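K.L.:
Mind looking at a prediction? Sequence and model below.
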Amino acid sequence: MTYKFPENFWWGSAASGPQTEGAADVDGRKPSIWDHWYKIEPGRFFNDVGPTNTSNFYYQYKEDIALMKQTGHNSFRTSIQWSRLIPDGIGEVNPKAVDFYNRVIDEMLANDVEPFMNLYHFDMPMSMQEKGGFESREVVDAYATFAKTCFELFGDRVKHWFTFNEPIVPVEAGYLYDMHYPNVVDFKRATQVAYHTTLAHALAVKEFHALEIPEGQIGIILNLTPSYPRSQNPADLKAAHIADLIFNRSFLDPVTKGEFPADLVEIIREHDALPEYTEEDLAIIKNNIIDILGVNYYQPRRVKAKEYAAHPDAPFMPEHLFDNYEMPYRKMNPYRGWEIFERAIYDIAINLRDNYDNIPFFISENGMGVEGESRYRNADGMIEDTYRIDFIKSHLKWLHKAIEEGANCHGYHLWTFMDCWSWANAYKNRYGLVEVDLDNDFKRTVKASGHWYKELSENNGFED
């Protein structure tokens, strides 16, 4: 069967500044929370590998962009590091950072790779975290200034902008589950961070639309993780609904509809965790919705009704309202510990079609991390990652079905272009179309998936 995608479909990949650039302490860049956390707790990172060098994109960007073209990219998303562009979070703009990002953008355009630019990828400047991070309204306003600065500096060439990548992740990992800095476990503080992130996003959208950039679009990147109930029993259905509210609709509804789900607000109120807010803030959120949505999809969420009540003295967590459910015989990526469930990408697209005015969207991340990929190297030195090709194909089949049924999808970006540093997991799992050899001057070698991806892009689809 032939799977053909719409004309002018975006084929590419996604990465981020803090995960690829390196050069963490040169040319005026100052620490982010990741630099600080690694400095004080290196043991929290896989093999004690921190964010200092990552994939060396700061120095090898020309080679990398040439490889993007070689692997069929017509678009690529990365991010501008706040801690590089405005090192103190507020105040002076770093001219060396402006020069770097200008060179990257110009090089992409010269290679017919459309730049998609994100503004925040988990990388709070430490100077801003010291003011409270997104618990602080001062930091919200500083972010809006940072966003406006980026639009004014680069908006003449960058037409596709995104305010945040996966904004629920810093909320979960940093303020609920002790997975990321600042390692807080406090639901009320988490709701304040989530609310202020939404407000910061809306202020950036407002600034962008005020500039009236020709052909410009602004959106946000959300990791939408469908919540599937164990059964059709009403208790399981309610559990899935609550999980969906907390982990998906908490951001999806305000950025597309301008308001938070009423039943989510009620849950937060019941647990005495409403954030501080003003009616003026709510009006800003209401009046500044996105033009386009990026959807990251990796795994489903499966839930069931609670089997046991939470300990009365335990700090409140979302899981006090539902239990996670492990479906028997589910297909797994054993390296990442994630279920592989391709149909969910179709379910997301149909949900956006039916419940969100068929908003224009694209798959902004989807990918497979594998540990120890060097064991798949062939005699010519290339990694034969046929498992990654199969993973992409199986998801694209379901995406194609959704598009045929009217879903308004404009592209597919893989995570990621080249092997990159992955936060506390460091380089444990590799996701790239291109191998990065950390022990050999960051040598790049295109994997089998990279050669296949070029065919996919050139044919605007694939045969299966």
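P.N.:
Looks like it came in fine.

K.L.:
which residues touch stretch 344-354?
P.N.:
The contact list for stretch 344-354 (CB atoms under 8 Å, 6 or more residues apart in numbering) reads 224, 226, 293, 295, 297, 299-300, 358-359, 361, 363, 366, 395, 398-399, 401-403, 405-409. (Each C-beta comes from the backbone N, C-alpha and C, glycine too.)

K.L.:
among the residues you listed, which ones are buried?
P.N.:
Listed as buried from the contacts of stretch 344-354 are 224, 226, 293, 295, 297, 299-300, 359, 361, 363, 366, 395, 398-399, 401-403, 407-409; burial here means 16 or more other CB atoms under 10 Å.

K.L.:
Mind checking which of the residues you listed land in helices?
P.N.:
Judged by DSSP state H, the subset of the buried ones among the contacts of stretch 344-354 located in helices is 395, 398, 399, 401, 402, 403.

K.L.:
The stretch 1-150 of the chain: strands as residue ranges?
P.N.:
2-4, 10-14, 75-79, 114-118 (DSSP state E, counting those that start in this stretch).

K.L.:
Export the ones you listed as a markdown table, with columns for distance to residue 242 and mean pLDDT.
P.N.:
Converted to a markdown table, those look like this (distance: least, CB to CB, whole Å; pLDDT from 0 to 100):
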| stretch | distance to residue 242 | mean pLDDT |
| --- | --- | --- |
| strand 2-4 | 36 | 97 |
| strand 10-14 | 30 | 98 |
| strand 75-79 | 31 | 98 |
| strand 114-118 | 29 | 98 |
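
K.L.:
what's the spacing between stretch 109-128 and its chain's center?
P.N.:
Its chain's C-alpha centre and that of stretch 109-128 lie 11 Å apart, by CA atoms, centre = their mean, to the nearest Å.

K.L.:
From the opening residue of it to its closing one, how far?
P.N.:
33 Å (CA to CA, to the nearest Å).

K.L.:
Which positions within that stretch qualify as buried?
P.N.:
Neighbour counts using 16+ other CB under 10 Å place 111, 113-128 of stretch 109-128 among the buried residues.

K.L.:
Return the subset of those residues lying in helices.
P.N.:
Counted as lying in helices by DSSP H, out of those, are 126, 127, 128.

K.L.:
any chance of those in CSV, with distance to residue 200 too?
P.N.:
Shown next, in CSV, are these (distance: CB to CB, whole Å):
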residue, distance to residue 200
126, 18
127, 16
128, 11
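
K.L.:
What is the nearest of those to residue 14?
P.N.:
Among these, residue 128 lies closest to residue 14 (CB to CB), at 23.8 Å.

K.L.:
I'd like to know how many residues surround the residue nearest to the closest one when sequence neighbours are not counted.
P.N.:
Excluding the flanking residues, the one nearest residue 128 by CB to CB, 6 or more residues apart in numbering is residue 89, at 4.1 Å. By other CB atoms under 10 Å, 22 other residues sit near residue 89.

K.L.:
Now do residue 89, the pLDDT please.
P.N.:
Residue 89 is assigned 97 on the pLDDT scale.

K.L.:
State the distance from it to residue 244.
P.N.:
Note on residue 89: its distance to residue 244, by CB to CB, to the nearest Å, is 34 Å.

K.L.:
Can you tell me which of the strands of the stretch 1-150 of the chain is nearest to residue 323?
P.N.:
Closest approach to residue 323 among the strands of the stretch 1-150 of the chain (CB to CB): strand 10-14, 32.1 Å.

K.L.:
The closest one: partners in the sheet, and parallel or antiparallel?
P.N.:
Using DSSP bridges, the strands paired with strand 10-14 are strand 75-79 (parallel), strand 409-415 (parallel).

K.L.:
With distance to residue 266 added, can I get the ones you listed in CSV?
P.N.:
Shown next, in CSV, are those (distance: least, CB to CB, whole Å):
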stretch, distance to residue 266
strand 75-79, 35
strand 409-415, 33
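
K.L.:
What are the boundaries of the helices in the stretch 251-400 of the chain?
P.N.:
For the stretch 251-400 of the chain, applying DSSP state H, counting those that start in this stretch gives helices covering 262-270, 279-287, 343-355, 386-404.

K.L.:
which residues are contacting the first one?
P.N.:
Which is helix 262-270. Helix 262-270 has contacts (CB under 8 Å, 6+ apart) with 191, 241, 242, 245, 246, 249, 250, 274, 321.

K.L.:
The residues you listed, buried ones only, as a PyMOL selection?
P.N.:
Selection of buried members from the contacts of helix 262-270 for PyMOL, criterion 16+ other CB under 10 Å:
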select buried, resi 191+241+242+245+246+249+250+321
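
K.L.:
Centroid-nearest residue for the chain?
P.N.:
The centroid of the chain falls nearest to residue 165 when counting by CA atoms, centre = their mean (3.8 Å).

K.L.:
show me what contacts the residue nearest to residue 128?
P.N.:
Counting by CB under 8 Å, 6+ apart, residue 89 touches 82, 83, 125, 127, 128, 131, 139, 142, 146.

K.L.:
what's the distance between it and residue 139?
P.N.:
Counting by CB to CB - residue 89 and residue 139 are separated by 7 Å.

K.L.:
Identify the contacts common to the two.
P.N.:
By CB under 8 Å, 6+ apart, the residues touching both residue 89 and residue 139 are 128, 131.

K.L.:
For stretch 271-283, what is the distance to the chain centroid?
P.N.:
The chain centre lies 25 Å from the centre of stretch 271-283; the measure is CA atoms, centre = their mean.

K.L.:
repeat for stretch 415-429
P.N.:
Counting by CA atoms, centre = their mean, stretch 415-429 comes out at 13 Å from the chain centroid.

K.L.:
Please work out the average pLDDT along that stretch.
P.N.:
Rounded mean pLDDT across stretch 415-429 is 95.

K.L.:
how about that stretch as PDB, C-alpha atoms only?
P.N.:
Coordinates of each C-alpha in stretch 415-429 appear next as PDB, following Å, rounded to 0.1, in the frame of the first residue of the first chain:
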ATOM      1  CA  TRP A 415      12.800  13.300  17.900                       C
ATOM      2  CA  THR A 416      15.500  13.800  16.900                       C
ATOM      3  CA  PHE A 417      17.900  14.700  14.200                       C
ATOM      4  CA  MET A 418      21.100  13.600  15.900                       C
ATOM      5  CA  ASP A 419      21.800  11.800  19.200                       C
ATOM      6  CA  CYS A 420      21.600  14.300  21.900                       C
ATOM      7  CA  TRP A 421      21.900  14.800  25.700                       C
ATOM      8  CA  SER A 422      18.600  14.000  27.300                       C
ATOM      9  CA  TRP A 423      18.400  15.700  30.700                       C
ATOM     10  CA  ALA A 424      18.900  13.500  33.700                       C
ATOM     11  CA  ASN A 425      19.000  10.500  31.300                       C
ATOM     12  CA  ALA A 426      22.000  12.100  29.600                       C
ATOM     13  CA  TYR A 427      23.100   9.800  26.700                       C
ATOM     14  CA  LYS A 428      21.600   6.600  28.000                       C
ATOM     15  CA  ASN A 429      19.200   6.200  25.000                       C
END
